[in-house]
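# the following block contains a protein sequence and its predicted model.
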Amino acid sequence: MPRRLPASCLAPTGCSRAHPGWTNLNPSPYLLLPVLLGGRYGFTAGVLAGALASALVAIQQILGGAPSWRAALGGELYLHASLVFAGGLCGELFGWLRCERALADVQLEKLNTSVRRLDADVRYLRGVKDELDRVVAARDGEVSALDTELRRLYACPTDDLPAEILQFLKRQARLTDAAIYFPAAAGQPFVRHGLIGSDAHLPAQLDPATSPVARLALERNSLVTLPEVLAHREPAATERVLLAVPLADTTGRVRALLLVTGLPFISFNAQGANLIALICDWAGEVLDLAASAEGRYRVVQLRGGVQRVFTRRHFEHLLGLAFQAWDRHRLPSTIVVLTLPGASAAEQVRFEAALLGAIRAGDYAAELGRAEPHLAVLLPLVGERGSRIFTERCRQFLKHSGPWPVEASIRRIELARNTDVPALLAEIDGPGGPDAAA
């Protein structure tokens, strides 16, 4: 049988109970602790891990028979020093190898912070934009509604105009009982042509002399309310009319008479009366055009139908209506002046044909008697946003109808920049304005 060696022969040279286990091995496995921790967490962690490993070796040596801490540490001084040194060295190597990554992490954090700040700014700006859109919509809501309602009247058949005007007033001024009367022959009673609500106090035929409110409205050719009559005269026992408004044309001729006998109390105030008067002013213009008011415009034949080009005198009347809307309710209107500066007057026909196709029902185009090709367009109750859309549409029509001998000029003129119609006409007739050329 093979001979077994004694256990003492298997022990390392110099091994004793005072140097237990791996403390005499070179390199010592205890180096793993500072090397790993220093290489993972840096210099401070490596030094502390080396000190901890050194303390563990000393404790093991004391438990193995070392008389004191001094003897335990001094007996293997190179080992304890190498543990601390190895931890610090690995920590420094860790920092040197990962410095670029640390810088990249710092830059990434800065970029993340900037992105978060930009996200917050974008959300804030989005909220500001939404709020601005709501404010603009609220500001232009009444203008947009009146503009749309007014344009609907121009597309209405003549026989349906009285009913459409009453529905317009009902939606905007909350009328409950009202009727529109047309004058008959001289000395004959007015005839009812439209009714909403109850006809209890709105007969099919009306003699204005029987109603103090209607009689005074026809005398003044303006809106009259019942409180005005009561303030100067004795009230009639049978008076049921709360409000009367004549619908007149340019010459002052009464085309129709609106009588209101039912109106919510909350709407029976100065603002509501002014709104009714404003609508009736433009409704009278629509009735005038429906009755073929000759001499106030000329008809231009287009591929898609016909368009009217108004005279300067009638255009001044329309500007007066626009000023009344501004004075009563601060409802803006815009005039767009389009010209070919210095071009021959022979281009007027082609210039009109190109632009009249861009004009919607309810817009008023006029020739003002200038030598150069031109066209002035009134956009009733249209603010800045609507006028910009219209000017861009005109630019597109001019572009598709070109080429032109000179560059066309487009000016937008707002009522707010003027104090009266003569001042507005002076600006319209003046030289080119601030808007860009088409």
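Yes, it's here.
# chain neighbours aside, what residue packs nearest to residue 174?
Once flanking residues are discounted, residue 174 sits nearest to residue 267: 4.7 Å by C-beta to C-beta, 6 or more residues apart in numbering. To be clear about C-beta, it is placed using only N, CA and C from the backbone, and glycine gets the same treatment.
# go through stretch 368-383 and flag the buried ones.
Of all the residues in stretch 368-383, those buried under the rule 16 or more other C-beta atoms under 10 Å are 368, 370, 372-383.
# and the average pLDDT for it is what?
Stretch 368-383 shows a mean pLDDT of 85.
# how about stretch 254-271: buried residues?
Those would be 254-263, 267-268, for stretch 254-271 by 16+ other C-beta under 10 Å.
# er, stretch 311-324 I mean
Residues of stretch 311-324 classed as buried by neighbour count (16+ other C-beta under 10 Å): 311, 314-319, 321-324.
# take the residues you listed and keep only those in helices.
Those of these mapping onto helices are 314-319, 321-324, per DSSP state H.
# can you give me the distance of the residue nearest the centre of the chain to residue 121?
Geometric centre of the chain, nearest residue: residue 133, 2.8 Å, by C-alpha atoms, centre = their mean. Counting by C-beta to C-beta, to the nearest Å, the separation of residue 133 from residue 121 is 18 Å.
# min pLDDT across the buried residues of stretch 254-271, which one?
Within these, lowest confidence goes to residue 267 (77).
# mind listing the strands for the chain?
Taking DSSP state E as the test, the strands found in the chain are 177-182, 190-196, 205-206, 224-225, 243-248, 254-262, 297-302, 305-310, 334-339, 364-366, 374-379, 409-414.
# the ones you listed: which one's closest to residue 115?
strand 409-414 (41.9 Å; C-beta to C-beta).
# helices and strands around that closest one, which ones?
Helices and strands touching strand 409-414, by 3 or more C-beta pairs under 8 Å, 6 or more residues apart in numbering; DSSP states H and E, are strand 334-339, helix 384-401, helix 421-429.
# and the angle for that strand with strand 374-379?
30 degrees (axes from the mean of the first three to the mean of the last three C-alpha atoms, to 10 degrees).
# what about residue 36, distance to residue 184?
In terms of C-beta to C-beta, residue 36 sits 112 Å off from residue 184.
# who has more neighbours out of the two?
With neighbours defined as other C-beta atoms under 10 Å, residue 36 and residue 184 compare such that residue 36 has more, 15 against 11.
# quick one, what contacts the more buried one?
Going by C-beta atoms under 8 Å, 6 or more residues apart in numbering, residue 36 touches residue 49.
# can we see that at 10 Å?
Counting by C-beta atoms under 10 Å, 6 or more residues apart in numbering, residue 36 makes contact with 45-46, 49, 87, 90.
# please apply the same query to residue 342.
371-373, 405-406.
# for the longest helix seen in the chain, the distance to its chain's centre please.
The single longest helix within the chain, with elements called by DSSP H, is helix 99-154. Per C-alpha atoms, centre = their mean, to the nearest Å, the displacement of helix 99-154 from the mean C-alpha position of its chain is 10 Å.
# do stretch 328-345 as well
Distance of stretch 328-345 from the chain centroid (C-alpha atoms, centre = their mean) equals 25 Å.
# again with stretch 313-325
Distance, centroid of stretch 313-325 to centroid of chain: 30 Å (C-alpha atoms, centre = their mean).
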